[in-house]
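Peer 1: Here's my sequence, what's the structure:
(2 chains)
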Amino acid sequence: MLDIKVLRENPDAARAGAIKKHMPERAAAVDRALALDQELRAMTPRIDAMRSEQKAAGKQLGKLSAEEREAFLQQQKQLKAELQVLEDEERELRRKLHEELSLVPNLPDEEVPEGKDDSENTEIRKVGEIREFGFEPRAHYDLGEAQGWLDFGRAAEMAGSRNYILLGDMVLLHDAILRFAVDLLVERGFTPIDPPLLVRDAAMFGTGFFPGGEEQTYRCEKDGLNLIGTAEVPVTSLHSGEILKESDLPKKYVARTACFRREAGTYGKDTRGLYRVHQFQKVEQVIVDVADRERSLAHHRAIVRNAEDLLQACELPYRVVNVCGGDLGVPQAMKYDIETWMPSRQSYSETHSASRFYDYQARRLNLRYRPEKGKPLFCHTLNNTVAASPRILIPLIENHQNEDGTVRVPECLRRYLGGREVLGRPVF
RNA sequence: GGUGGGAUGGCCGAGCGGCUGAAGGCACCGGUUUUGAAAACCGGCGAGGUUUGCGCCUCCGGGGGUUCGAAUCCCUCUCCCACCGCCA
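Peer 2: Next up, the predicted model:
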């Protein structure tokens, strides 16, 4: 959520921000919010004065004579009735204002490129060599099924499309990459955390997924709970409603959780294999720190670096892209995606997403800290993937496959696989 | 699923229907003392809105009611906790 003051002072920027994000209907919320704000500000002084009068009146009551008293009470009754009408109005206006303000997207940073969708993201850097295979490389689903590592048929049978079953060494590899990701971040000072996967609406709202993301979310209606699509939701919400000590910041967390996404509206897209699935495991890094733009930028560089280091350790070629306005979500100010080379897709495809929000989420979450001097301020928040699996298994097994269908294990993962250097048997 | 108890400032915690934005403690900040630190003592210290400023207004989980007047009484919702039952 943006500060209403930002809207007052610079409504054009708020509108332009929503337009840059290709969210015209949300740009309209800027004007609705401002209209409500103006109405509210017009009535507030009047209500204040009436309340002030009421308060003062009560204190004089005792000094009055019996006759005076009666007229006085009559007068107070009337004041109260009038006040009540105005207060109802005020409350309703406040509610509507909050609703509209919640719809206004975070301002995209200047450096966010113009563009309507991911095809217009701009490349920041490309790292690693794309491997020249001396043979026809196989897609992970062909290779995996041949090895008995993947079973999509039975998964679909019992759970529907976009589901998968990992078996044998693929389970171990899946676990290895996730554990490696956690260890890497713990080594860098992040606190591991294992949060709830089912959360209340407040957490979904606070992180900016609601309103808007309901269709992407599995919901347990009976209990009013939502399955998280990312650990960002519970972890960023962790200190919601608190005023943290500045000396306790930054808070740096690394969470490994299951994630659930309905993938509504993606029919026919990425239907094969492990790329787009309803359920996966993700190691996520989340940072909460003081409201300082420079520090947010530094954290952003650091969390991107963490992910890049993991990919480099896994010997995977990737590129970093600056996500354009149209591909940016409602709460983000800026986002770098990391795309890892996937031979079967013949493309760099998204495996990581590093976002910064400034105080947008913190304001919605009522997440503050007490600075050395002055009033409490809203924190800044950031997050990035460290590793999401099984998606990361695609580049891992495709890029490291051998002609016979076995897969070379990169050095960094061997310790998690009993020292094994190769997975699978020759099957081709 | 059943039955109770609770929700007050950064934290803990008191609070008779008006004198309570709220005792007390802790934490924090400033000072005295000390070679330094601790302790002790003195002082300060909630959040939000509005105003150039003085100030004014709001806030004791949310909403409603009773009352001239509610943190305090009543209703309701949300949340938390405890115990019993069931179960991983």
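
Peer 1: Can you name the residues bridging to the one residue in the stretch 101-250 of chain A that gets nearest to RNA strand B?
Peer 2: As assessed by CB to the nearest atom of the strand, RNA strand B sits closest to A:Ile243 within the stretch 101-250 of chain A, at 4.1 Å. No exception for glycine: its C-beta is placed from N, CA and C like everyone else's. Beta-bridge pairing of A:Ile243 under DSSP bridges involves A:Arg368.

Peer 1: contacting residues around it?
Peer 2: Counting by CB atoms under 8 Å, 6 or more residues apart in numbering, A:Ile243 makes contact with A:Arg368, A:Tyr369, A:Arg370, A:Pro376.

Peer 1: Keep only the residues you listed that also lie close to RNA strand B.
Peer 2: Among these, the residues that sit close to RNA strand B (CB under 7 Å from any atom of the strand) are A:Arg370, A:Pro376.

Peer 1: from the contacts of A:Ile243, which would you call buried?
Peer 2: A:Arg368, A:Tyr369 (16 or more other CB atoms under 10 Å).

Peer 1: Can you name the residue of the stretch 251-400 of chain A nearest RNA strand B?
Peer 2: A:Lys375 (4.0 Å).

Peer 1: now, the most widely separated pair of the contacts of A:Ile243?
Peer 2: The distance between the two most remote of the contacts of A:Ile243 (CB to CB) is 7.4 Å, for A:Arg368 and A:Arg370.

Peer 1: ok, now which ones touch the residue nearest to A:Asp309 when sequence neighbours are not counted?
Peer 2: In space, not counting the residues next to it along the chain, A:Asp309 is nearest to A:Leu184; the distance is 6.9 Å by CB to CB, 6 or more residues apart in numbering. For A:Leu184, the contact set (CB under 8 Å, 6+ apart) comprises A:Asn306, A:Asp309, A:Leu310, A:Ala313, A:Val386.

Peer 1: Mind doing that once more with 10 Å?
Peer 2: A:Phe190, A:Val254, A:Val283, A:Gln285, A:Asn306, A:Ala307, A:Asp309, A:Leu310, A:Ala313, A:Val386, A:Ala387, A:Cys412 (CB atoms under 10 Å, 6 or more residues apart in numbering).

Peer 1: Just the buried residues out of the residues you listed, in ChimeraX syntax.
Peer 2: Filtering these down to the buried ones (16+ other CB under 10 Å) takes a single ChimeraX command:
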select /A:190,254,283,285,306,307,310,386,387,412
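
Peer 1: which among the contacts of A:Leu184 gets closest to A:Glu100?
Peer 2: Lowest distance from A:Glu100 to those (CB to CB) belongs to A:Gln285, with 32.5 Å.

Peer 1: Having no further points to raise, I will conclude here.
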